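Enquirer: Need coordinates for the following:
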Amino acid sequence: MGVSTMISNRNHQNMTEKFISAQVIDRGLDERTAKAYRIDLERFYLWLDSGGEEGLNNKNSRQKKISKGSVPDEMEAYLAYLSREKGLRHSMLCRKQRVFGCYLAYLVSQGILEQYKPLNPVSQPVKASADTRLTKGEVDAFFQAIDKEYEELDSDFRRRVCLRDQVMMKLLFYHGIEISELLRLEVADYAPKEARLTIRRKRQKPRSVKLFSQTLRKQMGEWLSEHEWFERDEMYQGYLFLSKMGKPLSMKMMINIFDKYREMDGIEDGCKPKDLKNSLGRYVREMMMELGQGGDVG
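Expert: The predicted structure follows:
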């Protein structure tokens, strides 16, 4: 039996937690780093257990590679898959590669791997032009990071804050609302029965958007039911999105919230909330390409 199969059949979640404890917690790094490491390794193992990209079409072929291959080879195949099929940014791939390198060294130190084999460097793609919009893979990973945190939080108040963040980020992505407009929204601007939001714009007529995502509608309703927990000042309680102190969120706070989840999943530094706002067209186009339908969405 090959090393890869042996590790796959082990309780790799337990191995992952031991690695995180030794390489992150014991070194005094923050919880966000631990979460990022955990997500990277969990997704690699899920990909591996599903048979990898080749296993989707030819399980017998993939099984032979698993039994004969090595963990470093499989990690390199996974990174190549993320680059080619998911369109992840070079900086994000490099971050994942660093995590995998540390994990391989840990496996050697525990006697699970016989020797350490450095991963080949991730090749730098040639960019035709600067494009700060997030890829489909990055958008999916971004929202998965928020959803995962929400599920793992053990404090009701922190879950309420995370719910607020989920709603704000999805309004940015799905409806392209300007950040300044988002921060000015009031509770009265949302009509729950019609799932319709009125956007008040400076020096322009208000516009109305209908929330088409059933998940977003549900989360918006949940957020409104929790809103009273943030109503600490009568002057501001009408604002839709409030800080922990009960005041309207500032632009800086919004950027900090975005950066928290951006860093959690390794999206490159330099991406801003506006890049998420502008990414729906790219997301749809890449999704249609995955489905083999082409697509011309801008």
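Enquirer: switch to C-alpha atoms for all contacts and neighbour counts from now on
Expert: Noted.
Enquirer: what about T198, is that helix, strand or coil?
Expert: strand (DSSP: H, G, I helix; E, B strand; the rest coil).
Enquirer: contacting residues for R160?
Expert: Counting by Cα atoms under 8 Å, 6 or more residues apart in numbering, R160 makes contact with 223, 226.
Enquirer: Same question for the strand or helix carrying it: list its buried residues.
Expert: R160 is part of helix 156-175, with elements assigned from DSSP states H and E. When burial is assessed from 16 or more other Cα atoms under 10 Å, helix 156-175 yields the following buried residues: 159-175.
Enquirer: before we move on, what about stretch 111-123?
Expert: By neighbour count with 16+ other Cα under 10 Å, stretch 111-123 contains the buried residues 113, 119.
Enquirer: end to end, how far does it reach?
Expert: For stretch 111-123, the first-to-last residue distance is 30 Å (Cα to Cα, to the nearest Å).
Enquirer: Ok, stretch 189-206 next?
Expert: Taking Cα to Cα, the span from the opening residue of stretch 189-206 to its closing residue is 10 Å.
Enquirer: how much distance is there from it to the middle of the chain?
Expert: Relative to the centre of its chain, stretch 189-206 is centred 28 Å away, using Cα atoms, centre = their mean, to the nearest Å.
Enquirer: who touches that stretch?
Expert: Here stretch 189-206 makes contact (Cα under 8 Å, 6+ apart) with 181-182, 184-185, 207-211, 217, 221.
Enquirer: one more time with 7 Å
Expert: 181, 207-211, 217 (Cα atoms under 7 Å, 6 or more residues apart in numbering).
Enquirer: Check stretch 221-240 too.
Expert: The contact list for stretch 221-240 (Cα under 7 Å, 6+ apart) reads 160, 163-164, 184-187, 242, 244-248.
Enquirer: For the residues you listed, which two are the farthest from each other?
Expert: For the contacts of stretch 221-240, with distances taken as Cα to Cα, the pair at the greatest spread is R160 and R184 (19.7 Å).
Enquirer: Work out for me the element the residue lying closest to R159 once chain neighbours are set aside sits within.
Expert: In space, and not counting its chain neighbours, R159 is closest to Y150: 5.7 Å by Cα to Cα, 6 or more residues apart in numbering. Y150 belongs to helix 136-152 when assigned by DSSP H and E.
Enquirer: tell me the angle that helix makes with helix 156-175.
Expert: Going by axes from the mean of the first three to the mean of the last three Cα atoms, to 10 degrees, helix 136-152 is angled at 160 degrees with respect to helix 156-175.
Enquirer: Surely S208 forms part of a strand?
Expert: Yes - membership of S208 in a strand is supported by three-state DSSP.
Enquirer: And for it, the neighbour number?
Expert: Other residues near S208 number 13, with proximity taken as other Cα atoms under 10 Å.
Enquirer: and it, bridged to which residues?
Expert: Beta-bridge partners recorded for S208 (DSSP bridges): T198.
Enquirer: ok, it to L242 distance?
Expert: Here the criterion is Cα to Cα. By it, S208 lies 22 Å from L242.
Enquirer: Where does pLDDT dip in this structure?
Expert: Flagging of the chain using pLDDT under 70 yields the residue ranges 1-11, 25-26, 29, 52-69, 124-130, 269, 293-298.
Enquirer: Leaving out sequence neighbours, find the closest residue to A36.
Expert: In this structure, A36 finds its nearest non-sequential neighbour in M264, 5.1 Å apart by Cα to Cα, 6+ apart.
Enquirer: Who are the contact partners of the one you found?
Expert: 32-33, 35-36, 145.
Enquirer: hmm, which two among those are most spread apart?
Expert: Pairwise distances across the contacts of M264 peak at 12.3 Å for T33 and A145 (criterion: Cα to Cα).
Enquirer: So those two - more neighbours on which side?
Expert: Taking neighbours as other Cα under 10 Å, T33 and A145 compare with A145 leading, 20 against 17.
Enquirer: I figured the more buried one hits Y261, correct?
Expert: Yes - proximity of A145 to Y261 meets the contact threshold set by Cα atoms under 7 Å, at 6.4 Å.
Enquirer: Grab the nearest non-local neighbour of F173.
Expert: When the adjacent residues along the chain are set aside, F173 lies closest to K277, with 4.6 Å between them (Cα to Cα, 6+ apart).
Enquirer: Neighbours of that neighbour, how many?
Expert: Residues contacting K277 under the criterion other Cα under 10 Å number 22.
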